[in-house]
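Enquirer: with the sequence up front, the predicted model follows.
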Amino acid sequence: MEETTSKKGAKKAEAKAKKEAEKARKAAEREAAAASSSSAANTEDLAKENYGDIKTATGLPAGEFTKLEQIGEEHVGKTVKLRGYIQNSRMQGAKMAFVELREVGSWAIQGVVAASAEGKPVSRQMVKWIGGIKLESYVVVEATVQKPLEPVKSCRVSEFELHLTKVYVVATAPETLGMGFATANRAVGSLAEQEEAVDPNVEGLNISEGAPVASLATHLANPTMHKRAPVTVAIKKVRITVEKLFRDYLEERGFLNFHPPCLIGAASEGGANVFKLPYFDTEAYLAQSPQFYKQFEIAGGAQRVYCVGPVFRAENSNTPRHMTEFTGLDMEMEIAEHYHEVLHMLEGVLLYIFRGLAEKCREEIDLVRSVYPSEEFLLPEPGKEIRLTFAEGQALLRAEGPPEYADVKDEEDMSTPQEKALGALIKKKYNTDFYVLDKFPVDARPFYAKPDPENPKVTNAYDFFMRGQEILSGGQRLHLPAELEAHIRFKGLDPNQKGIKEYVDVFKSVGVPPHGGGGIGLDRVVAFYLNLPTVHLVSDYVRTPKRLLP
């Protein structure tokens, strides 16, 4: 009886075990199915229409584009559409990424992208893709404007951030940039130029604190990144403002704009430093100066004229102050009684420019000084402008300058080191970085400069200086043909040679009033005002004896 009971218990226990095992199997199958279903759901990208290449995009943002400089409190919580460059990016785990979106110059804002719990409008795949966009790629984004927990110090738009919901690449950047953005916005290292591009991974860059420092050659060999740097954009704004202020001041005083030719039929001013090129069945030259044409305008009845344009100098000067092509700001005007009318006009336009820059470009000037530190450009007080004769400048050098200038002569032109030494003395003595030297010696001036009637050893000609460096030459011109021809011969030239004869004939063809003017180097004005290490940082496209590209 006990044996029978024992057998029945064993069978029940076995049956129960089999039942429990079947339950466990079915539960495992259900769990596996659920896990499989969950895994499939996780791999499906529910946000795939909200990012990618713009050429294949189907969910493009609607509405007008918003500029970063326009974003304010009224945009908080609202959706905006923007475009710009990916300046920086970093992943924060697998579900979040931070990017910096930049427009022009220093206008940048932080963007945040975080995966949504339900997988849209932002998925993990979308976050990973955005975090991997190559730096300096151009993108279009849709985002909600929000306030960050703390101001974003790395971006100019620091009080707001973008919560990204759509990102499309318009143009992708290469895997490796020739020069990074941070490097492009640092001061240049070596000023030496090279005709060929520099390998940024070898000799063009050298590491110091923070981002690498690139040579001038590397900057010029990578023009796109050089131009994107906020410091370059700021210098460009200052340059444009100088030209505008020049035009405004003169036009308010009755000056008319004209356009002189760049191609001329003979070497202007009889000099040898000209670029010669074939011109059909003859030869042509690139103009060294609009000088003759300014005077032709005066002879043609225009009382006051100005022009802005390229000037070409075939001088093999490889210095931070020289270029073979630069932009000239030139003016010419009739003289009623004294040539100082012209000097004062030029002095007035430059002071107007300097004071205008301090007012209109304060932000840009401060930005440039954060990269290229310099002192404020000092101006004389109104009515106390510094005007010395050339002889007075030389006397100051002899009396108070370095020992090597103790014997400088009044009849000899100044060298660049002399000019800088005199500039330092004048700054110390008069507390100004801007001054005029008048009455240059006749040997230091071209054949059309009018000699002083009271002292034929000097001319009614002047130079203007900034921080001890010359930025303008000008003076009264010879306007009577007999005197002009005589002075041309005195200079050892033939008044009948090609180019000069046509110039003299203009003064024989009509009665030409007394006149004078001056030419300003735009690039030098900007470089010296900002105290940049080289004028090449001002030019949009640098041309030197060693650089003809890009």
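Expert: The structure has been received and is ready for your questions. Because the structure is a prediction, the values reported are computed rather than measured. Numbers count the residues shown, from 1 in each chain.
Enquirer: give me the low-pLDDT residue ranges for the stretch 251-400 of the chain?
Expert: By pLDDT under 70, the low-scoring segments of the stretch 251-400 of the chain are 268-272.
Enquirer: buried stuff in stretch 441-460?
Expert: Residues of stretch 441-460 classed as buried: 441-442, 444-452, 458-460 (neighbour count, 16 or more other CB atoms under 10 Å). The way it works is simple: take the backbone N, C-alpha and C, and place the C-beta from them, glycine included.
Enquirer: quick one: which of these sit in strands?
Expert: Counting by DSSP state E, the part of those found in strands is P451, D452, V458, T459.
Enquirer: what's the weakest-modelled helix or strand in the protein?
Expert: Counting by mean pLDDT, DSSP states H and E, the weakest-scoring helix or strand in the chain turns out to be strand 205-206, with a mean of 46.
Enquirer: quick one: strands adjacent to the next helix or strand after that one?
Expert: Next helix or strand after strand 205-206 toward the C-terminus (DSSP states H and E): strand 213-214. Partners of strand 213-214 in the sheet, by DSSP bridges, are strand 205-206 (antiparallel).
Enquirer: OK, contacts around L256?
Expert: Contact analysis of L256 by CB atoms under 8 Å, 6 or more residues apart in numbering lists A302, R304, V305, Y306.
Enquirer: bridging residues for the third one?
Expert: The reference is to V305. Going by DSSP bridges, V305 forms beta bridges with L256, E332.
Enquirer: that one: how many residues sit nearby?
Expert: The number of residues packed near V305 is 26, by other CB atoms under 10 Å.
Enquirer: that one contacts Q295, correct?
Expert: No - counting by CB atoms under 8 Å, V305 stays clear of Q295, with 9.5 Å between them.
Enquirer: need the residues touching each of the two.
Expert: With contacts taken as CB under 8 Å, 6+ apart, V305 and Q295 have E332 as neighbours in common.
Enquirer: got a winner among the contacts of L256 for most neighbours?
Expert: In terms of neighbour count, V305 stands highest of the contacts of L256 at 26 neighbours, by other CB under 10 Å.
Enquirer: ok so, going back, now the buried residues of stretch 441-460 as CSV including distance to G383 and pLDDT?
Expert: Shown next, in CSV, are the buried residues of stretch 441-460 (distance: CB to CB, whole Å; pLDDT from 0 to 100):
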residue, distance to G383, pLDDT
P441, 29, 92
V442, 31, 92
A444, 29, 89
R445, 29, 90
P446, 32, 89
F447, 36, 92
Y448, 32, 92
A449, 28, 93
K450, 28, 95
P451, 30, 94
D452, 25, 94
V458, 26, 93
T459, 27, 95
N460, 23, 96
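Enquirer: make a markdown table out of those and add distance to T56.
Expert: Converted to a markdown table, those look like this (distance: CB to CB, whole Å):
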| residue | distance to T56 |
| --- | --- |
| P441 | 72 |
| V442 | 73 |
| A444 | 68 |
| R445 | 67 |
| P446 | 64 |
| F447 | 68 |
| Y448 | 66 |
| A449 | 68 |
| K450 | 71 |
| P451 | 75 |
| D452 | 76 |
| V458 | 74 |
| T459 | 71 |
| N460 | 71 |
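Enquirer: and which of the ones in strands among the buried residues of stretch 441-460 is nearest P121?
Expert: Nearest to P121 among these is T459, at 75.1 Å by CB to CB.
Enquirer: show me what that closest one is bridged to.
Expert: Beta bridges link T459 to P451, judged by DSSP bridges.
Enquirer: begin at 16 from now on, thanks
Expert: OK, 16 is where the count begins now, so the last one is T474.
Enquirer: how close does it get to A109?
Expert: To A109, T474 is 77 Å away according to CB to CB, to the nearest Å.
Enquirer: mind checking the SS state of S332?
Expert: Three-state call for S332 (DSSP: H, G, I helix; E, B strand; the rest coil): coil.
Enquirer: oh sorry, the question was meant for G316
Expert: Looking at G316 with three-state DSSP, the answer is coil.
Enquirer: how many neighbours does it have?
Expert: By the criterion of other CB under 10 Å, G316 has 8 neighbours.
Enquirer: and stretch 527-542, how far from the chain's centre?
Expert: In terms of CA atoms, centre = their mean, to the nearest Å, the centre of stretch 527-542 is found 23 Å from the chain centre.
Enquirer: wait, stretch 292-299
Expert: Centre-to-centre, stretch 292-299 and its host chain are 35 Å apart (CA atoms, centre = their mean).
Enquirer: and it, what's buried?
Expert: In terms of neighbour count (16+ other CB under 10 Å), stretch 292-299 has its buried residues at A299.
Enquirer: elements contacting the one helix or strand G363 maps to?
Expert: Using DSSP H and E, G363 maps to helix 355-375. Judged by 3 or more CB pairs under 8 Å, 6 or more residues apart in numbering; DSSP states H and E, helix 355-375 is in contact with helix 245-266, strand 340-349, strand 449-453, strand 476-481, strand 484-491, strand 530-536, helix 537-545.
Enquirer: can you add distance to F405 and give these back as a markdown table?
Expert: Formatted as a markdown table, the helices and strands packed on helix 355-375 follow (distance: least, CB to CB, whole Å):
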| stretch | distance to F405 |
| --- | --- |
| helix 245-266 | 26 |
| strand 340-349 | 22 |
| strand 449-453 | 5 |
| strand 476-481 | 8 |
| strand 484-491 | 12 |
| strand 530-536 | 16 |
| helix 537-545 | 20 |
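Enquirer: of all these, which one is nearest C277?
Expert: With CB to CB as the measure, strand 340-349 is the member of the helices and strands packed on helix 355-375 nearest C277 (9.8 Å).
Enquirer: got the angle between the closest one and helix 245-266?
Expert: Per axes from the mean of the first three to the mean of the last three CA atoms, to 10 degrees, the angle that strand 340-349 makes with helix 245-266 is 20 degrees.
Enquirer: C-alpha coordinates for strand 340-349, CSV please?
Expert: This file holds the C-alpha atoms of strand 340-349, laid out as CSV (Å, rounded to 0.1, in the frame of the first residue of the first chain):
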residue,chain,number,x,y,z
GLU,A,340,49.3,96.1,-55.6
PHE,A,341,47.4,98.2,-53.0
THR,A,342,44.4,100.5,-52.8
GLY,A,343,45.0,104.2,-53.1
LEU,A,344,42.8,107.0,-51.8
ASP,A,345,43.7,110.0,-53.9
MET,A,346,42.4,113.6,-54.1
GLU,A,347,43.3,116.8,-56.0
MET,A,348,42.0,120.3,-55.7
GLU,A,349,42.4,123.8,-57.0
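Enquirer: could you name the helices and strands sitting against that strand?
Expert: Contacts defined by 3+ CB pairs under 8 Å, 6+ apart place strand 340-349 against helix 245-266, helix 306-314, strand 319-327, helix 355-375, strand 530-536, helix 537-545.
Enquirer: select, out of the ones you listed, the one closest to Q433.
Expert: helix 537-545 (16.6 Å).
Enquirer: what does the closest one contact?
Expert: For helix 537-545, contacts defined as CB under 8 Å, 6+ apart pick out 250, 253-254, 257-258, 323, 336, 338, 341-344, 365, 368-369, 372, 380, 383-384, 387, 389, 392, 481-482, 484, 486, 547, 549-550, 552-554.
Enquirer: quick one on the thing from earlier: CSV for the helices and strands packed on strand 340-349, including distance to A501?
Expert: What follows is these, written out as CSV (distance: least, CB to CB, whole Å):
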stretch, distance to A501
helix 245-266, 33
helix 306-314, 18
strand 319-327, 27
helix 355-375, 23
strand 530-536, 19
helix 537-545, 34
